[in-house]
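Trainee: here is my input, please return the structure:
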Amino acid sequence: QVQLVESGGGLVQAGGSLRLSCVFSGGSFTDYAMGWFRQAPGKEREFVGAISRSGASIYYVDSVKGRFTISRDNGKDTVYLEMSTLKQEDTADYYCASKLGLYHHDPGSYKYWGQGTQVTVSS
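Mentor: Numbers count the residues shown, from 1 in each chain. As a prediction, the model looks like this:
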């Protein structure tokens, strides 16, 4: 059974940086595209970005483009979300998710999810 475990969340001041990690286990990591999502209190889960199985293709939503970087280390079965120039509106629980084949923006297309890690950006 595939399991995803996120870490790296915390409290950071606006303008600061954080790096989230998501460790994959229980399957073949390179079979899965990886997505990052976030959910702020009272809001729906939002797609942040995703990375292809090889890491050659990466997509970001406009709101994080230029500030967030997604990468993966297929030797460590880990995907990362590096966040910089954080804003208060980035405050949310962040989730990694995996799906076979190509990445997609629809959370319903992802089969496995981590438990989430909380990111709070203060003013």
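
Trainee: partners of the strand or helix carrying residue 6 in the sheet?
Mentor: Under the assignment given by DSSP states H and E, the secondary-structure element containing residue 6 is strand 3-7. Strand pairing for strand 3-7, using DSSP bridges, gives strand 18-25 (antiparallel).

Trainee: ok, back up a step: buried residues, the strand holding residue 6. List them.
Mentor: Buried positions in strand 3-7, judged by neighbour count with 16 or more other CB atoms under 10 Å: 4, 6. In this view, the C-beta of every residue, glycine as well, is placed from N, C-alpha and C.

Trainee: now do it: everything it contacts.
Mentor: Surrounding strand 3-7, the residues in contact under the criterion CB atoms under 8 Å, 6 or more residues apart in numbering are 20-26, 94-98, 112-117.

Trainee: just the buried ones from those residues?
Mentor: Here the buried ones among those, as counted with 16+ other CB under 10 Å, turn out to be 20-24, 94-98, 112-114, 116-117.

Trainee: pLDDT weak spots in this protein?
Mentor: By pLDDT under 70, the chain contains no weakly predicted segment.

Trainee: from the centroid of it, which residue is nearest?
Mentor: Among the residues of the chain, the one closest to the centroid is residue 36, at 2.6 Å (CA atoms, centre = their mean).

Trainee: so it, which state does it fall into?
Mentor: The three-state assignment at residue 36 reads strand, by DSSP: H, G, I helix; E, B strand; the rest coil.

Trainee: residue contacts, the nearest residue to residue 49 once chain neighbours are set aside?
Mentor: Excluding its sequence neighbours, the residue lying closest to residue 49 (CB to CB, 6 or more residues apart in numbering) is residue 60, at 4.1 Å. Contact criterion CB under 8 Å, 6+ apart gives 48, 49, 68, 70 as the residues in contact with residue 60.

Trainee: where's the first one relative to residue 55, distance?
Mentor: Separation of residue 48 from residue 55 (CB to CB, to the nearest Å) stands at 16 Å.

Trainee: ok, these two, which is more surrounded?
Mentor: Of the pair residue 48 and residue 55, residue 48 is the one with more neighbours under other CB atoms under 10 Å, namely 24 against 15.
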